[in-house]
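J.: predicted model and sequence follow; I will ask about them next.
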Amino acid sequence: MQTLDLHFMWEAFFIALSGAPITLLITVVALLISIPVGFFFSLIRLNGTPILDQLCRIYISFVRGTPLIIQIFLIYNVMPILLERFLRSTHSTLSVFDVNPIWYAFVVFSLYTIAILTEVFRSALKTVQKSQLEAAHSVGLSTCAAYRRIIIPQALVTALPNLCNATTNLIKNTSLCYALSLREITLRAKVAANPGYNYIEAYIDIFLVYLLICSLVEYGFKKYEKKLKAYQCLSA
Amino acid sequence: MLKFDFVYLLEQIPKLVPYLDITFLVLILTLFFGTILGFILAAWKLGIRPILSKLAYAFTTAMRCTPSIVLLFLVYYGLPALASIFAFDLNDLSKLFFVVTAFSLSFGNVMSEIIRSSYLAVEKGQYEAAVSVGLTRFDAFRRIILPQAAVVALPNIINSILTLLKEGSLAYTIGLIDVMGKANLLIAMNYEAHALETLLALSFIYWSISIIIEKANELLEQRLSKGRTFVKTV
């Protein structure tokens, strides 16, 4: 008969919570990089730019067709080799081993999110009719202004639920950073559980922390969605 | 300087492919149990009992916020402990059991949402019409609602099967030897010497399976949309 060690659980909850800033940092950096790049890629896909379109397609298919954990291992194996070559060519005194693993996490999750967001933006931009752009042109707006003021606000309405999904998935997926030995939520709680074998308590804590973070993010998106509903095209 | 060995990469593929059977076994068992769970949860959500529907929605919220790796470990450590309270011993069970249980929970949750939304996509008039011509409630569901809802649900189901296939690779973390687990063993056996080639071989295997499933999805969608007649209801 085994009971939960509530005292440990209480303490480990805050240990797990102290990993949240790293999780959020990775999420925010990945989103900041991949929103503009993903938007650019989705325009390439929609315009069918020769060569670039095919490259984008292969890239997206690979990222979406292989498990994220394999992508993490791949980057973890490839990056140091490339980095070492780069450092040697610049005669830097830095060693590859000094690089904080968080940089690898930034690279992996940005590459991953770019592929996801490209598809999100592509399907969202498709829902806006072409006549909207033509109408904007006819009243004298430049293409850039038309996108900023007419197309994007409308596309964002349909993109937002998917964007929310992508963000929560990203937050959940950062738990795989243990493979990079990055001390975020999961690894911190796991390490705390090691001495007493209190794994059940630790994993319940991790579960609670993710529940808290994801619920907050979803709540925020729902609020924003309500605000954006004003732009929705009613005669779709 | 490490050198990339393309021949080594090709040699790894036949070593890994035989372990696909475990990967697919996990996939098929999870599909089976997850679908059953999905139907139960969807019935609760759509049902008239408020407690059950609240419970099902709470389960969905919790599942949506749990990383699969955390769920996997929670089941792996938590289930034997939970069972020991009721004097069951689950410690000798195969790791396959825990992997399938964990993924069935998350897949069942996804399925319940797909079933719910596709059920709602079929108009209520269809059911009423079926009952009015004398079909029993079960027959109306089986012969009228289900075939129409299945067409709506299919692309989503295949998408979540793909996700399941990819997340299934995490089973190696509790020591199940599927393709991913085998690749890890191969890398460890060579003292990380040819890690990159092995990982690339592994990713090509996953990539080709995904491409096959996606192509099948496209063909299926074309087939199904061909026979569909859209009835205007204004």
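T.: Alright, I've got the coordinates.
J.: just the element for residue 166, please.
T.: Unless you meant another one, I'm taking chain A. Secondary structure from DSSP states H and E places A:Ala166 in helix A:152-173.
J.: my question was about chain B, not that one.
T.: Using DSSP H and E, B:Lys166 sits within helix B:146-167.
J.: buried set for that helix?
T.: Neighbour counts over helix B:146-167 (16 or more other Cβ atoms under 10 Å in any protein chain shown) mark B:148-149, B:151-154, B:156-158, B:160-167 as buried. No exception for glycine: its C-beta is placed from N, CA and C like everyone else's.
J.: next, the angle helix A:152-173 makes with it.
T.: Between helix B:146-167 and helix A:152-173, the angle comes out at 60 degrees (axes from the mean of the first three to the mean of the last three Cα atoms, to 10 degrees).
J.: what packs against helix B:146-167?
T.: helix B:20-46, helix B:95-121, helix B:195-226 (3 or more Cβ pairs under 8 Å, 6 or more residues apart in numbering or on different chains; DSSP states H and E).
J.: okay, those helices, which one's buried deepest?
T.: Mean neighbour count (mean count of other Cβ atoms under 10 Å in any protein chain shown) peaks for helix B:95-121 among these, with a mean of 21.
J.: that one packs against which elements?
T.: Counting contacts by 3+ Cβ pairs under 8 Å, 6+ apart, helix B:95-121 packs against helix B:20-46, helix B:50-64, helix B:68-85, helix B:146-167.
J.: close enough to count as contact, B:Val131 and B:Phe138?
T.: No - in this structure, B:Val131 is not within contact of B:Phe138 by Cβ atoms under 8 Å, at 10.8 Å.
J.: more crowded one of the two?
T.: Neighbour totals were compared for B:Val131 and B:Phe138, and B:Val131 leads with 14 against 8 (other Cβ atoms under 10 Å in any protein chain shown).
J.: so how far is stretch A:182-191 off the chain centroid?
T.: Its chain's C-alpha centre and that of stretch A:182-191 lie 19 Å apart, by Cα atoms, centre = their mean, to the nearest Å.
J.: mind listing what's buried along that stretch?
T.: Of the residues in stretch A:182-191, A:182-190 count as buried by neighbour count, 16+ other Cβ under 10 Å.
J.: nearest to B:Ile212, of those?
T.: Proximity of these to B:Ile212 (Cβ to Cβ) peaks at A:Thr186, which lies at 32.6 Å.
J.: tell me the secondary structure for the closest one?
T.: Under DSSP: H, G, I helix; E, B strand; the rest coil, A:Thr186 falls in the helix class.
J.: A:Val217: which of the helices and strands packed on helix B:146-167 is closest?
T.: The nearest among those, by Cβ to Cβ, is helix B:95-121 at 18.4 Å.
J.: next, the angle helix B:20-46 makes with the closest one.
T.: Angle, helix B:95-121 to helix B:20-46, by the same axes, to 10 degrees: 40 degrees.
J.: minimum distance to A:Leu32: which of the helices and strands packed on helix B:95-121 has it?
T.: The closest of these to A:Leu32 is helix B:50-64. By Cβ to Cβ, the value is 23.9 Å.
J.: how big is the angle separating that closest one from helix B:68-85?
T.: Per the same axes, to 10 degrees, the angle that helix B:50-64 makes with helix B:68-85 is 130 degrees.
J.: touching helix B:50-64 from outside, list them.
T.: For helix B:50-64, contacts defined as Cβ atoms under 8 Å, 6 or more residues apart in numbering or on different chains pick out A:168, A:207, A:211, A:214-215, B:41-42, B:44-47, B:71, B:105-106, B:109, B:112-113.
J.: and stretch B:79-99, by the same measure?
T.: With Cβ under 8 Å, 6+ apart as the test, stretch B:79-99 has contacts from A:1-2, A:200, B:22, B:25-26, B:29, B:72, B:75-76, B:101, B:168, B:171, B:174-176.
J.: now that stretch: buried residues?
T.: By 16+ other Cβ under 10 Å, the buried positions in stretch B:79-99 come out as B:79-81, B:98-99.
J.: how far does it sit from the chain's center?
T.: So, by Cα atoms, centre = their mean, the centroid of stretch B:79-99 is 22 Å from its chain's centroid.
J.: ends of it, what's the gap?
T.: Stretch B:79-99 has an end-to-end distance of 12 Å (Cα to Cα, to the nearest Å).
J.: follow-up on the earlier one: ok, and for the helix holding A:Ala166, which residues are buried?
T.: Residues of helix A:152-173 classed as buried: A:152-160, A:162-164, A:166-173 (neighbour count, 16+ other Cβ under 10 Å).
J.: just the angle for the longest helix along chain A relative to helix A:152-173, thanks.
T.: Looking across chain A with DSSP state H, the single longest helix is helix A:199-228. Computed with the same axes, to 10 degrees, the direction of helix A:199-228 lies at 180 degrees from that of helix A:152-173.
J.: list the buried residues of the helix or strand of chain B with the lowest mean pLDDT.
T.: Lowest by mean pLDDT, DSSP states H and E among the helices and strands of chain B is helix B:6-16, with a mean of 83. Neighbour-count burial for helix B:6-16 flags B:8-9, B:12, B:16 (criterion: 16+ other Cβ under 10 Å).
J.: can you check stretch A:10-20 too?
T.: With burial defined by 16+ other Cβ under 10 Å, the residues of stretch A:10-20 counted as buried are A:12-13, A:15-17, A:19-20.
J.: is any residue of it near chain B?
T.: No - Stretch A:10-20 stays clear of chain B (Cβ under 8 Å from any Cβ of the partner chain), getting no nearer than 10.5 Å.
J.: mean confidence score for that stretch?
T.: For stretch A:10-20, mean pLDDT rounds to 87.
J.: what lies in contact with it?
T.: Residues outside stretch A:10-20 that contact it (Cβ under 8 Å, 6+ apart) are A:183-189, A:192-193, A:198, A:201-202, A:205-206, A:208-209, A:213.
J.: and the helix or strand where A:Ile70 lies, what's buried?
T.: Assigned by DSSP H and E, A:Ile70 belongs to helix A:68-89. For helix A:68-89, the neighbour count (16+ other Cβ under 10 Å) marks A:68-80, A:83, A:87 as buried.
J.: and it, what does it pack against?
T.: The helices and strands touching helix A:68-89, judged by 3+ Cβ pairs under 8 Å, 6+ apart, are helix A:101-127, helix B:195-226.
J.: want to throw those into JSON lines with distance to A:Lys222?
T.: Shown next, in JSON lines, are the helices and strands packed on helix A:68-89 (distance: least, Cβ to Cβ, whole Å):
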{"stretch": "helix A:101-127", "distance to A:Lys222": "17"}
{"stretch": "helix B:195-226", "distance to A:Lys222": "30"}
